[in-house]
Each structure stands twice: as structure tokens, then as C-alpha cells.
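Undergrad: Sequence first, predicted model second:
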Amino acid sequence: MARCSYHPDVETELTCTECGKPICPKEMVQTPVGYKCPEDARPRKEQLRYVKPRQIAVAAGAGLVTGVGGAFLVVLIGWGGFILGILWGSLVSEAVRRASGGHRGGLVGGIAAGSIVIGTLVTGVGWFTAIIAVVVALIQLAVIQFR
């Protein structure tokens, strides 16, 4: 009888459907195609980056609502451009991220930035505030990384 790859003291007859490693019930992860080891059950990076067309449409809708709506609020309040830019960018990026199913990256960041630019053009918000909002949104969506 085989021994678990993760717990050598445990005998098992269960193997990973992906790589064939012996795994015990503690380590098995149930997937639609059978039991897998923890490494093979983890989603690959390309799976996290792929955004379905429906998710793109919903994210764009949420971005436009928060981008234009946030711009109207910034104009209505009228003061504190730097702080309002941070809040506006954060609001738009979070709305777009949630609407896209939790995705981050270039496409979702582009939707957020585009939504802020459209809100700026529609309402006439100052470009300083808009640039702050775009930078904050892109940082939150991990498009711009500081390391």
C-alpha cells in the first residue's frame, strides 16, 4: 500500500487525478474531476486573470455607475480634491473588482480607469482629482505595484 506524499506515516490507496501522487483524506481536495493534491487543486494564475465576457459587461456597468456617480459627488462636495480622489478611486476599483467576480489586473484596471475618465468628462471634475483617483484605482487592482 502506498504512503501519503504529505504524511509518510499514513497508508492510502487514494491518488491525485492530476499527477498521481498518493494522498490521504486530510490532503485531498475535491474538484469536479475527482480528488486532487493541494498543489494541483490550486487555480493557476491564468485562470485568475481570465475574465468572462459577462463579467466584463457587469464590471463596466458598475464602473460607469460609480465613476460617473462618484464624479457628481466630488463636484457636489467641491473641496478636498486629493482626499476625494483617493475615496473616488477606491470606490470605483472596489465596485469593478466585485462586479467582475473578484478579478484584478490589466483589463479590470482599464475598466476602472476608463470609468473615472468618463466621469471626469461628463461632470467636469478637476484633472488633478481624476488622476489621483485613477492611480489609486490601479494600485488597488494591482496593475501598478510598488516593490
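TA: Right, received. Where do you want to start?

Undergrad: Now the biggest helix by length in the chain: buried residues?
TA: Ranked by residue count under DSSP state H, the longest helix found in the chain is helix 53-77. Neighbour counts over helix 53-77 (16 or more other CB atoms under 10 Å) mark 55-56, 58-60, 62-64, 66-71, 73-75 as buried. Yep, even glycine has a C-beta here, placed from its N, CA and C like the rest.

Undergrad: for stretch 133-146, same thing?
TA: Per 16+ other CB under 10 Å, stretch 133-146 contains these buried residues: 133, 134, 135, 136, 137, 138, 139, 140, 141, 143.

Undergrad: Out of those residues, flag the one nearest to residue 95.
TA: Nearest to residue 95, judged by CB to CB, of the buried residues of stretch 133-146 is residue 137 at 9.9 Å.

Undergrad: what's the closest non-adjacent residue to the residue in the chain sticking out farthest from the centre?
TA: Most distant from the centre of the chain: residue 1, at 43.1 Å, with distances by CA atoms, centre = their mean. Excluding the flanking residues, the one nearest residue 1 by CB to CB, 6 or more residues apart in numbering is residue 11, at 4.5 Å.

Undergrad: Tell me who's in contact with the one you found.
TA: Contacts for residue 11 (CB atoms under 8 Å, 6 or more residues apart in numbering) come out as 1, 2, 3, 4.

Undergrad: before we move on, what about residue 77?
TA: The contact partners of residue 77, by CB under 8 Å, 6+ apart, come to residue 84.
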